[in-house]
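**Student:** Generate coordinates for the sequence data below:
(chains A, B, C and D)
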2 protein chains.
Amino acid sequence: MTTATPAAGSRDLPHPVREDIRLEAVLHALSDPMRLQIVRELAAERTELTCSQFVLPVTKSTSTHHFRVLREAGVIRQCYRGTAKMNGLRRDDLDDLFPGLLDALLAAAARQAARLGG
Amino acid sequence: MTTATPAAGSRDLPHPVREDIRLEAVLHALSDPMRLQIVRELAAERTELTCSQFVLPVTKSTSTHHFRVLREAGVIRQCYRGTAKMNGLRRDDLDDLFPGLLDALLAAAARQAARLGG
DNA sequence: CTCTTCGTACGATAAACATCGTAGTACGCT
DNA sequence: AGCGTACTACGATGTTTATCGTACGAAGAG
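**Tutor:** Sure thing, here's the model as predicted:
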């Protein structure tokens, strides 16, 4: 336990490196309402969240799918912490690649939510 | 004729009104490389362009499809001028709904193109 | 009227996608 | 070891999507 082994339990997840993140993939990932919601919550809380902390109107299989799309697009970073899977926004990478984009997207989403939701 | 009839030649095209433009639809429309390219060119030239001024590596049917997706998402506005179909960015509507988003997207696309293309 | 140019409509097709359910694996706790 | 929690893997399904080809319509030039 508490061994800082490289493999860290052999439960690593594949992420694209920063240079491989493609704008089209990011936009596609965010074009799904469920995934956009996930990213909004993740940005609101400034910390990492477990998958189960999101209340989504779909089954767990579907949630897994959406989280994976976000990860493979380079929008979030996932890692295991015990049995829980932590999710964090890749804000540093996104801000470096596309300065201002993430904030503009979050602002647009917030604005639309405010307009439609009340 | 030159009659300013309401139908205007019965060649009108359906556009969503500003309030009906959805962020998810815009992101989805721009998540296709072909369509992102179209929007980039449209933004670069500050004027309206005909469909045939775009050189796209697909057939005309497919082009028609992509232009329609962009129009139905509210990203571009289309109208006929003679036999040509003019395309213009709906910058006013997009800037009103999502201030700063379009510019952030275009900047991100330009940055990525610069990074990958040279 | 005819011809050409520009774009559409429709049908087909293959791929991708969102969703589910079931069965299974990994980890922590007792 | 045994149990419960958290998430995954796989297969199925119905929908959407990107693409094409062919045939068609609308407008302008001769």
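**Student:** With adjacent residues omitted, what lies nearest to the residue most central in space within chain A?
**Tutor:** In chain A, the centroid-proximal residue (C-alpha atoms, centre = their mean) is residue A:76; its distance is 3.1 Å. The spatially closest residue to residue A:76, leaving aside those adjacent along the chain, is residue A:70, at 4.5 Å (C-beta to C-beta, 6 or more residues apart in numbering or on different chains). Every residue, glycine included, has its C-beta placed from N, CA and C.
**Student:** Can you give me the distance of the one you found to chain B?
**Tutor:** Here the distance between residue A:70 and chain B works out to 13 Å (C-beta to the nearest C-beta, to the nearest Å).
**Student:** what does the biggest helix by length in chain A rub up against?
**Tutor:** Using DSSP state H, we find that the single longest helix of chain A is helix A:101-117. Helix A:101-117 is contacted from outside by A:26, A:30, A:36, A:39-40, A:43, A:89, A:91, A:94-95, B:22-23, B:27, B:97-101, B:103-105, B:107-108, using C-beta atoms under 8 Å, 6 or more residues apart in numbering or on different chains.
**Student:** Buried residues in stretch A:74-88, which are they?
**Tutor:** Judged by neighbour count using 16 or more other C-beta atoms under 10 Å in any protein chain shown, the buried positions of stretch A:74-88 are A:74, A:75, A:76, A:77, A:78, A:85, A:86, A:87.
**Student:** How about residues contacting it?
**Tutor:** A:8-9, A:11-13, A:15-16, A:18, A:20-22, A:25-26, A:29-30, A:38-39, A:42, A:47-52, A:67, A:70-71, A:89-90, A:93-94.
**Student:** and it, how far out from the chain's middle?
**Tutor:** Taking C-alpha atoms, centre = their mean, to the nearest Å, one finds the center of stretch A:74-88 at 9 Å from the center of the full chain.
**Student:** Tell me the span between the first and last residue of it.
**Tutor:** Terminal residues of stretch A:74-88 lie 11 Å apart, using C-alpha to C-alpha, to the nearest Å.
**Student:** How many residues are close by residue A:67?
**Tutor:** 21 (other C-beta atoms under 10 Å in any protein chain shown).
**Student:** For it, give me phi and psi.
**Tutor:** Backbone geometry at residue A:67, expressed as degrees, to the nearest 10, gives phi -60, psi -40.
**Student:** low pLDDT regions in chain A?
**Tutor:** Residues of chain A that meet the criterion pLDDT under 70 lie in A:1-10.
**Student:** which residues of it fall in helices?
**Tutor:** Remark: helices of chain A, listed N- to C-terminal, are A:23-30, A:33-44, A:60-73, A:91-97, A:101-117; assignment by DSSP H.
**Student:** No further questions, thank you.
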